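Enquirer: Sequence and predicted structure, then a few things I'm wondering about:
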Amino acid sequence: MNDIRLCTKPKLRFFDILEALSNLQCLSTLEGTQKTKEQQTSEYFTFVMDDQSTLVHLINDQSTSIPYLLLSGPDHRKLAYHLYQSGMVYSSKDIQYRCLHDQHVDDRIDAICRLGIASYDEASSEVLDIFQLYLRDPDVRVRQSAVFATSFIGWREFEDMLVYTATHDPDSRVAEIAESALRIMRESDWISERA
């Protein structure tokens with residue numbers, strides 16, 4: 001059983017999501033996870049579903065400041081559907097649409113980071129095509145964000161894209177970030193795939 005990562009909608013802040021989760025009747029705070037407001041923003045908050053086995057972790061990503069949900073347990077798919085229906089989270093398809101249609105640089109950066117968070121399943125050609133497009137974006141910040149977002153996913157299929165970016169990107173910082181991402185991914189998950 002794989003965990004599910006759900007990306008929250010952009011207008012929702014960490015505390016908005018925390019409050020919404022606290023108000024869901026099927027969830028309760030997991031004992032021992034109550035934190036001060038300062039700790040909540042820098043770490044995560046955990047809820048348990050009424051089955052006492054399905055967990056929801058609300059995580060505020062430190063590098064992007066994007067809150068997301070990590071679901072695990074026997075009813076994680078049922079809960080994911082419920083959260084999607086509540087309007088609190090995007091589906092991967094919703095985020096793909098944003099990636100292809102957002103025009104403003106800040107919106108594009110936000111969209112590609114959210115796509116990195118939400119794309120946890122097996123590699124899909126649609127997501128790979130979007131990353132290919134973003135890694136060649138004229139704006140250096142968009143390219144940096146796309147390289148960074150590959151690390152959320154860690155798909156082996158990113159290797160050729162990151163090699164190209166590391167050797168051909170006109171901005172040395174983007175090239176360095178791509179090299180670093182390659183090194184980290186090769187030393188982690190990709191090693192087990194090759195064995």
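Expert: Alright, I've got the coordinates. Numbering: from 1, shown residues only.
Enquirer: End to end on stretch 165-175, go ahead and measure it.
Expert: End-to-end distance for stretch 165-175: 6 Å, by Cα to Cα, to the nearest Å.
Enquirer: I'd like the distance between residue 55 and residue 19.
Expert: 19 Å (Cβ to Cβ, to the nearest Å). Where C-beta positions appear, they are placed from N, C-alpha and C, glycine not excepted.
Enquirer: Name the residue in these two with the higher neighbour count.
Expert: Neighbours were counted for residue 55 and for residue 19 using other Cβ atoms under 10 Å; residue 55 has more, 18 against 11.
Enquirer: Show me what the more buried one is bridged to.
Expert: As for beta bridges, residue 55 partners with residue 48, residue 72 under DSSP bridges.
Enquirer: Could I get the contacting residues of it?
Expert: By Cβ atoms under 8 Å, 6 or more residues apart in numbering, residue 55 lies in contact with 30, 46-49, 71-73.
Enquirer: same question, residue 21
Expert: Neighbour list for residue 21: 27, 45, 47, 56, 58 [criterion: Cβ under 8 Å, 6+ apart].
Enquirer: how near is it to residue 89?
Expert: 11 Å.
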